[in-house]
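*Asks:* what's the 3D shape of this:
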Amino acid sequence: MINDFHVHTEFSCDSQADLEEYIKTALLYNMNSICFTEHVDFNKNDYGYNYYNPNQFFKKYNEIKPKFKNKIKILAGIEFGEPHLYYDKLRKLSAYPYDYIIGSIHWIGDMFPCQKVRGQYSAKDFYTLYWQEILKTVKQGGFDALGHIDFPKRYYGEIYYNEQTMNEIFKYLLEKDMVIEINTSSLRKGHQQTMPGTELLQIYKDNGGKYITIGSDAHEVRDLAADNSIARKIISDLNLQEVIYINREKVIL
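*Replies:* Purely as a prediction, here's the structure:
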């Protein structure tokens with residue numbers, strides 16, 4: 001059963017992919033569900049700042065969805081950057097009929113883990129700052145799943161953490177009934193691990209975490225459900241449980 005709960009289309013600043021083409025491809029893959037999770041960014045340093053238009057998205061989404069009635073679950077979501085900093089905007093957007101909201105940290109102030117920042121901050125130093133932002137956002141909540149929890153790994157190629165901080169992060173995450181996703185995009189970028197890998201997933205489990213969503217983070221149709229089988233094997237090996245979301249409610253598969 002293939003589900004992809006992290007997919008970007010032309011309504012995200014960094015994609016030109018078409019919703020209907022994704023759905024047709026999902027049918028070819030015999031997928032169970034696809035959830036479009038468009039970028040929502042309010043950091044003025046991000047080139048996607050204020051790009052997303054929910055009304056335009058839902059206009060096209062509502063035109064296309066009925067064409068595929070009873071063939072596949074087609075769901076609507078967003079990937080909201082730095083939820084703790086823009087909580088009022090998140091609450092306002094949450095009034096739209098989303099099925100699923102990802103909370104992600106891409107920025108630390110005006111810093112993104114680009115080449116310039118990597119030249120100034122070691123992986124250890126950057127991660128130390130990054131985990132504090134993650135902690136703030138899970139304390140705030142307001143979303144369903146924490147996206148690509150070890151995001152800087154995509155750029156640094158390594159990960160640094162201390163278990164005490166991770167325990168605290170997962171404590172607040174689980175108190176608010178949120179989950180984490182396995183994001184497979186790092187595998188397409190030449191890394192050996194998904195985001196997160198088995199180490200952090202084991203800590204999540206040790207803290208009582210059980211549920212996982214799977215997302216390809218596709219920005220092109222060809223990447224839909226990429227490496228989904230790898231993510232499902234990790235879930236099986238760790239005795240975790242894949243879930244999807246419908247109407248902001250967790251559905252255990």
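*Asks:* quick one: distance of stretch 112-120 to the chain centre.
*Replies:* Here stretch 112-120 shows a centroid-to-chain-centroid distance of 22 Å under the convention C-alpha atoms, centre = their mean, to the nearest Å.
*Asks:* tell me which residues of that stretch come out buried.
*Replies:* Buried residues in stretch 112-120, defined by neighbour count with 16 or more other C-beta atoms under 10 Å: 112, 113, 117. Placement of C-beta: from N, CA and C, glycine included.
*Asks:* how about the second one: what's its closest non-neighbour residue?
*Replies:* Setting aside the residues directly before and after it, residue 113 is nearest to residue 155 in space (C-beta to C-beta, 6 or more residues apart in numbering), at 4.0 Å.
*Asks:* which element follows the helix or strand the one you found falls within toward the C-terminus?
*Replies:* Secondary structure here is read from DSSP states H and E; on that basis residue 155 sits in helix 153-156. Of the helices and strands lying after helix 153-156 in sequence (DSSP H and E), the nearest is helix 163-175.
*Asks:* ok, and what's touching the next helix or strand after that next one?
*Replies:* Once the chain leaves helix 163-175, the next helix or strand it forms, by DSSP H and E, is strand 179-183. Residues lying outside strand 179-183 but in contact with it, judged by C-beta atoms under 8 Å, 6 or more residues apart in numbering, are 5-6, 102, 144-149, 173, 194-196, 201, 204, 209, 211-217, 231, 234-235, 243, 250.
*Asks:* rerun that using 7 Å as the cut-off
*Replies:* Here strand 179-183 makes contact (C-beta atoms under 7 Å, 6 or more residues apart in numbering) with 5-6, 102, 144-149, 194-195, 204, 211-215, 217, 231, 234, 243.
*Asks:* what's the answer for stretch 110-122, then?
*Replies:* Applying C-beta under 7 Å, 6+ apart, the external contacts of stretch 110-122 come out as 45, 106, 126, 152, 155, 156.
*Asks:* likewise for stretch 152-171?
*Replies:* Counting contacts by C-beta under 7 Å, 6+ apart, the residues outside stretch 152-171 that touch it are 113, 118, 123-124, 126-127, 130-131, 134-135, 138, 150, 186, 189, 191, 195, 200, 203-204, 207, 209.
*Asks:* buried ones among those residues?
*Replies:* Here the buried ones among the contacts of stretch 152-171, as counted with 16+ other C-beta under 10 Å, turn out to be 113, 123, 126-127, 130-131, 134-135, 138, 150, 186, 195, 200, 203-204, 209.
*Asks:* so who does the most centrally placed residue in the chain touch?
*Replies:* Centroid-nearest residue in the chain: residue 147, 3.3 Å away (criterion: C-alpha atoms, centre = their mean). Contact criterion C-beta under 7 Å, 6+ apart gives 6, 79, 102, 103, 104, 181, 183 as the residues in contact with residue 147.
*Asks:* how about JSON lines for these, with neighbour count, secondary structure and pLDDT added?
*Replies:* JSON lines is the format used below for those (neighbours: other C-beta atoms under 10 Å; DSSP: H, G, I helix; E, B strand; the rest coil; pLDDT from 0 to 100):
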{"residue": "6", "neighbour count": "26", "secondary structure": "strand", "pLDDT": "98"}
{"residue": "79", "neighbour count": "28", "secondary structure": "strand", "pLDDT": "98"}
{"residue": "102", "neighbour count": "28", "secondary structure": "strand", "pLDDT": "98"}
{"residue": "103", "neighbour count": "25", "secondary structure": "strand", "pLDDT": "98"}
{"residue": "104", "neighbour count": "27", "secondary structure": "strand", "pLDDT": "98"}
{"residue": "181", "neighbour count": "27", "secondary structure": "strand", "pLDDT": "98"}
{"residue": "183", "neighbour count": "28", "secondary structure": "strand", "pLDDT": "98"}
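*Asks:* and the residues you listed as JSON lines, adding distance to residue 72?
*Replies:* Shown next, in JSON lines, are those (distance: C-beta to C-beta, whole Å):
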{"residue": "6", "distance to residue 72": "16"}
{"residue": "79", "distance to residue 72": "21"}
{"residue": "102", "distance to residue 72": "20"}
{"residue": "103", "distance to residue 72": "26"}
{"residue": "104", "distance to residue 72": "25"}
{"residue": "181", "distance to residue 72": "20"}
{"residue": "183", "distance to residue 72": "21"}
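*Asks:* lovely, talk soon.
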